[in-house]
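> Sequence plus the predicted model coming up.
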Amino acid sequence: MNKLTDRLKTICGEILPCKVLADVGCDHGYIAKAALDGGKCERVIVSDISAKSLEKAVKLLKDYGEGRFSAIVSDGFENFIEMPEESVIAGMGGEEINGILKKTEVLPDKLILQPMKNTEKVRRFLVANGFEILKDYTFCDVKYYDLIVAKKGKDFYSEDEFEFGRDNLKFKNAAFISLLKREYENTEIRLKNGNLKESSKVKLLERKRKLSEVMK
């Protein structure tokens, strides 16, 4: 797994065996290569809005032959001849991920999503648009990341689950607690600002209380 970071290994670990996998916004194509190397799929579709980035993926995958992969310059699933059973969309913002999903009439049965920000918006989109969230957790590879695994179906999320992630609230893994502790400490620092407006102080105190409650 050449140049496969812990972040990418975590993402790849959520891929289930399938015939066709798509890596949307593939960049260098490391996830696609790992999926092929690990026997996770028979074929892979790599796509990227950047033709230059896609060239890197093609170069990485060239030894597999055209029968094992196809490369498409695409903003999301545009220009796809076939819809994969499973798709990874990682390394972009939550609003960008939602934008890709919104403009696609038929989506893959399974989605593995790793938004860099606005994860709550992704959760809300999935639940509102016919997806059941199977996994939803925070992990750490130098930075903190959220990972969502979803399949077509029905689901219900509470407001806390939308904000923090269902598995995070249920299992409270070390990465999630560490992230909350960091926010808690930053909130305390901000509260020491003597020039803080009363309205801002009230919001920070409420946030501090909420974080303390979730960390229990």
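Perfect, I can see it now. Numbering: from 1, shown residues only.
> How about the contacts made by residue 149?
By Cβ atoms under 8 Å, 6 or more residues apart in numbering, residue 149 lies in contact with 14, 110, 111, 112, 113, 133, 134, 135, 136. Glycine gets a C-beta too; all of them are placed from N, C-alpha and C.
> Now do the helices in the chain.
Taking DSSP state H, the helices of the chain run over residues 6-12, 30-37, 51-61, 94-102, 119-128, 159-164, 166-171, 174-191, 198-215.
> Any chance of those in TSV with distance to residue 73 as columns?
Formatted as TSV, the helices of the chain follow (distance: least, Cβ to Cβ, whole Å):
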stretch	distance to residue 73
helix 6-12	22
helix 30-37	15
helix 51-61	5
helix 94-102	14
helix 119-128	24
helix 159-164	34
helix 166-171	35
helix 174-191	35
helix 198-215	42
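> among those helices, which is the most enclosed?
Ranked by mean neighbour count under mean count of other Cβ atoms under 10 Å, the helices of the chain are led by helix 30-37, which reaches a mean of 23.
> what's the spacing between the residue lying closest to residue 56 once chain neighbours are set aside and residue 58?
Computed as Cβ to Cβ, 6 or more residues apart in numbering, the closest residue to residue 56 that is not its neighbour in sequence is residue 28, at 4.8 Å. Separation of residue 28 from residue 58 (Cβ to Cβ, to the nearest Å): 10 Å.
> remind me which residues of the chain are low pLDDT?
Screening the chain residue by residue with the criterion pLDDT under 70, one finds the ranges 1-3, 66.
> ok, now with 50
Across the chain, residues meeting the criterion (pLDDT under 50) sit at 1.
> okay, among the contacts of residue 149, which ones form the most distant pair?
By the measure Cβ to Cβ, the contacts of residue 149 have their two most distant members at 110 and 136, which lie 14.0 Å apart.
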